[in-house]
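> Sequence and computational prediction follow.
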Amino acid sequence: MALGLVVVEVCERNILAAQSIDELEQEYPEVAVLRTQCLYMCHMCRAVPYAMVNQKRVYAKGIDPCVGLLRKVIEEEISAFFEES
């Protein structure tokens, strides 16, 4: 696994980790999905699906809305990178 321009981190204990968010790596070649043992946000981890995208928290009340937000933030991060270049 190569690191991408956009790093998506998810805690192994969060409900989002059980979902197939690895598909984001195939959908966006610029993305690297990292599962970590703990992101030290236990209050969020127990409450809602969430992930970190380039160190920005992305969360929603449900899995599908969260994955949708992840895609949006990923696209914003990719666009911002290429605008700076």
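Perfect, thanks for sending it.

> quick one: buried residues of the host helix or strand of Glu76?
When elements are assigned from DSSP states H and E, Glu76 belongs to helix 63-84. Buried positions in helix 63-84, judged by neighbour count with 16 or more other C-beta atoms under 10 Å: 66-67, 69-71, 73-74, 77-78. Using the backbone N, CA and C atoms, a C-beta is placed for each residue, glycine as well.

> Export those residues as TSV, with columns for distance to Met44 and pLDDT.
Below are the buried residues of helix 63-84 laid out as TSV (distance: C-beta to C-beta, whole Å; pLDDT from 0 to 100):
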residue	distance to Met44	pLDDT
Cys66	11	95
Val67	16	94
Leu69	14	97
Leu70	15	96
Arg71	20	96
Val73	16	97
Ile74	19	96
Glu77	20	93
Ile78	25	92
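
> Of those residues, which pair is most distant in space?
Cys66 and Ile78 (18.6 Å; C-beta to C-beta).

> and Cys45, what element?
Taking DSSP H and E as the criterion, Cys45 maps to helix 42-47.

> That helix packs against which elements?
Counting contacts by 3 or more C-beta pairs under 8 Å, 6 or more residues apart in numbering; DSSP states H and E, helix 42-47 packs against no other helix or strand.

> List the buried residues for it?
Cys45.

> In its sheet, which strands sit next to the helix or strand just after it, and in what direction?
With elements assigned by DSSP H and E, the helix or strand that comes after helix 42-47 is strand 50-53. Partners of strand 50-53 in the sheet, by DSSP bridges, are strand 6-11 (antiparallel), strand 56-59 (antiparallel).
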